[in-house]
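S.K.: Okay, predicted coordinates and the sequence, questions at the end:
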Amino acid sequence: MRIPFLSAIAVLATAGSLSAQQTRAERTDYAETSTHSDVLAFVDSLQRLGAGIRVGRLGLSPLGKTLPYVIASRPLVDAPARAARSGKPVVYLQGNIHGGEVEGKEALLMLLRDLTLGPLRPLLDSMVLVVVPIYNADGNDGFGPEARNRPAQKGPASIGLRSNGQGLDLNRDYLKQEAPETRAAASLLNAWDPDIFVDLHTTNGSYHGYVLTYEAGLNPNSNPANDYIRDTFLPEIRTRMRTRHKQEVFSYGNFRSADSLEQGWETYDARPRFGTNWIGLRGRMAILSEAYSHADFRTRVSATYNYVLEILRLAAAERATIKSVNLAASRYRPDSVSLRSAFAPPTPMDVIAELTERANEGSGPVARRRQTGVFRTIRMPVYGRFQSVRQEAFPAAYLFGPQHAEVAALLRAQGIEVRRMTAAWSAPTEVFQLDSVVPEPLFEGHRTTRVEGKWGPGNASLPAGWFLVLTDQPLGLLAATLLEPASEDGMVTWNFFDRNLRRGQPAPVLRVRTVPAFPSENLP
Ligand SMILES: [Zn+2]
C-alpha cells in the first residue's frame, strides 16, 4: 500500500511579500527548530510589520525564560471582558508543552504570520485567538541529540527535553499545578475562558498510517461541549483533512500489541491531570493533536499547520453553535459524578498500520522494531472511550476545615468558587469512612494516594471558618472530581490530605445533599 502521508506535502499558505519573515524551521529547510529567543524575535518582527497583535507575558519558566502569549483578532480585542462581549469564540492554541515535540511551535508561528499579515486574515474577523507558541520554554531549549532526547522521532537532529526546568511533565500537572507554567496558564484560561483549547504534541509510539492523531477530552464525566467536539466537530475536521489536504488523520492511540495488530487500538487515559481531559471536565472543547513522530519534520509541521487551520475555519463557520453549546455546558448539572474510569467496550473500525518486524536486539518498546514500508488497513477493536466504573450521586456541596487552606487556594486557582462559613453550624452531613489508604508508586515526585471507603450519614457541628464548595457553579463537576476522596485524580491523589487520612477514620471532606442554609461569604 502507498504510504499515505508521503503524497501529502501540503502547499502551505505563505505571505509572498513576507518571504523574509520565516521561522527557523523554514529558513533551514526543516533541519532545525526555533529556540526560545527565535520565537520572541519572530513575534517581535510580526509586531514591527504591523500584525496588529497584542503580546503578553504569561509568566516566567523555572529557568527564568519569558513565556509569551499572543492575542490576535480583527478588530484587536485586548481584554477578556471585551472578548466575551464580542460574542466570538475564543480559541486557545498551545505549542511545545513537551519541549522536544516542536512542530506545534513552528506551525503556530507560521499561522500567526499568515493570519495577521497574509492570506488568512479574514479568519480573524470571526474569532479571538490566544496563542502560547512555546509553553515549555525550558524544555525547548534543553537541546541535545535527537537520538538521546527523542530517539523515535524523525528529525530535527537537535531537539529539547520533555520536562520543564523543574523536571516536571507539564501535561501531568493540570490538577496539582506545581509548575509556574501551569499556574500562569490556568490564570490566563480562567480569565479568557477559551471556547476551544488545542494542545499540540508529537506521538511517541506505534507505527501507523496517519500523519496526525487527535482526541477530545476522555473523562467519562462528559458534557455538551465535550460531546459536540468529539462527535460532530472532530469527525468533520478529519473529512476536511482528507479532502482539502490529502492528509489522513485518526483518533489518537497505539496498537495494543505490535506483534498482533488485530488485538486493537487504544487511546491513552481519562484522568484530568492531562490538559485536554481537564478542559473537557471544565465544560469546554478540548483538542489533543499528535503529529506522527515517524513522519519527517516538514510533514509533521505541515500536518499540524493544516489541522489547526481547519479547526479555525470550522470554528469560524460554527461560531454561534460553539458559543451556545459551551453555554449549555456551563449550565449542565449531572445526576452523578464518575470517580473511576476504565475502557468502554470497543468499536470495530478500520485502522491503517505499518507492518513492522522485531529488530534483532530483542523485544520491547516500538522503537526497537524495524519498519517495512508496507501499510495495511486492518479491521480491529478500537478502545477510544472510557466509562465510569465507580460513581457517586452529585451532591449540593463539599465542606473541609480551615487547616486545608492550600486546598481552597488550589481550587480557586482552578477557577472554582470557594466560600467560607461565617458562623458555626450543625446539621446532618455525609461522612466518608476510610477502609484503606494506599500510597502508590512514585510518580512526578509524588507517592500518589489512593483510598477506598464509602459515604454514610453523619452529623457535624462545624465552627465558623470552614470552607464550602457549592457544586451549582460552572466548574461544579470539576470541583466534585477534585474533592471526592475516592476520585482517581483529585486532591487526595495528589497528597493534599495525607496528614489527615487514617484507615477506619472519616476523610477530612464532608458532603451535603442540600445547600446548607447558614451564612457564608465568597472568598475574594
Ligand atoms: Zn506530548
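M.R.: Yep, it's here. Residues are numbered from 1 along each chain as shown.
S.K.: Nearest to the ion within the stretch 151-300 of the chain, name that residue for me.
M.R.: His201 (3.4 Å; C-beta to the ion). All C-beta atoms are positioned from the backbone trio N, CA, C, and that covers glycine.
S.K.: Could you report the neighbour count for that residue?
M.R.: Residues lying near His201 (other C-beta atoms under 10 Å) number 26.
S.K.: With Ser158 as the reference, measure out to it.
M.R.: Distance of His201 to Ser158, computed by C-beta to C-beta, to the nearest Å: 19 Å.
S.K.: residues from the stretch 51-200 of the chain in reach of the ion?
M.R.: By the rule C-beta under 5 Å from the ion, the part of the stretch 51-200 of the chain lying against the ion is His98, Glu101.
S.K.: Tell me the backbone dihedrals of the residue in the stretch 51-200 of the chain that the ion sits nearest to, please.
M.R.: Proximity of the stretch 51-200 of the chain to the ion (C-beta to the ion) peaks at His98, 3.6 Å away. The phi and psi values for His98, taken as degrees, to the nearest 10, are phi -100, psi 120.
S.K.: Next, the contact list for it, please.
M.R.: Applying C-beta atoms under 8 Å, 6 or more residues apart in numbering, we find His98 in contact with Asn136, Gly139, Arg162, Asp169, Leu170, Asn171, His201, Thr202.
S.K.: most surrounded residue in those residues?
M.R.: Asn136 leads the contacts of His98 on contacts (other C-beta under 10 Å) with 34 neighbours.
S.K.: Which secondary structure element is home to the closest residue to the ion within the stretch 301-450 of the chain?
M.R.: Here the stretch 301-450 of the chain gets closest to the ion at one residue, Thr304, 12.3 Å apart by C-beta to the ion. According to DSSP states H and E, Thr304 maps onto helix 297-317.
S.K.: ok, now how distant is the residue lying closest to Asn500 once chain neighbours are set aside from Trp425?
M.R.: Excluding the flanking residues, the one nearest Asn500 by C-beta to C-beta, 6 or more residues apart in numbering is Pro508, at 4.2 Å. Pro508 sits 17 Å away from Trp425, going by C-beta to C-beta.
S.K.: what sits opposite Leu399 in the beta ladder?
M.R.: Leu468, Leu510 (DSSP bridges).
S.K.: Can you mark which positions in the following helix or strand past the helix holding Thr304 are buried?
M.R.: Once helix 297-317 ends, the next helix or strand along the chain (criterion: DSSP H and E) is helix 319-331. Within helix 319-331, the residues that qualify as buried are Arg319, Ile322, Lys323, Val325, Asn326, Ala329, Ser330, counting by 16 or more other C-beta atoms under 10 Å.
S.K.: Provide the count of other residues in contact range of the residue of the stretch 301-450 of the chain closest to the ion.
M.R.: Quick note: Thr304 (other C-beta under 10 Å) scores 30 neighbours.
S.K.: Would you mind naming what in the stretch 201-350 of the chain lies close to the ion?
M.R.: So the stretch 201-350 of the chain meets the ion at His201 (C-beta under 5 Å from the ion).
S.K.: Pull the contacting residues for Thr33.
M.R.: Contacts of Thr33 by C-beta under 8 Å, 6+ apart are Arg24, Ala25, Val102, Lys105, Glu106, Asn140, Pro156, Ser158, Ile159, Phe297.
S.K.: List only buried entries from the residues you listed.
M.R.: Arg24, Ala25, Val102, Lys105, Glu106, Asn140, Pro156, Ile159, Phe297.
S.K.: Out of those, which comes closest to Val90?
M.R.: Lys105 (20.6 Å; C-beta to C-beta).
S.K.: check which helix or strand covers that closest one.
M.R.: helix 103-116.
S.K.: for that helix, packing partners?
M.R.: helix 36-48, strand 66-72, strand 90-95, strand 128-132, strand 196-202, strand 285-291, helix 297-317 (3 or more C-beta pairs under 8 Å, 6 or more residues apart in numbering; DSSP states H and E).
S.K.: in its sheet, what does whichever helix or strand comes after the fifth one sit against?
M.R.: In this case it means strand 196-202. The element immediately downstream of strand 196-202 (helix or strand, assigned by DSSP H and E) is strand 212-215. Note on strand 212-215: by DSSP bridges, its sheet partners are strand 249-251 (parallel), strand 285-291 (antiparallel).
S.K.: From Gly50, how far off is the closest residue to Leu109 other than its chain neighbours?
M.R.: The spatial neighbour of Leu109 that comes closest, neighbours along the chain excluded (C-beta to C-beta, 6+ apart), is Thr23 at 4.9 Å. Thr23 sits at a distance of 19 Å from Gly50 (criterion: C-beta to C-beta).
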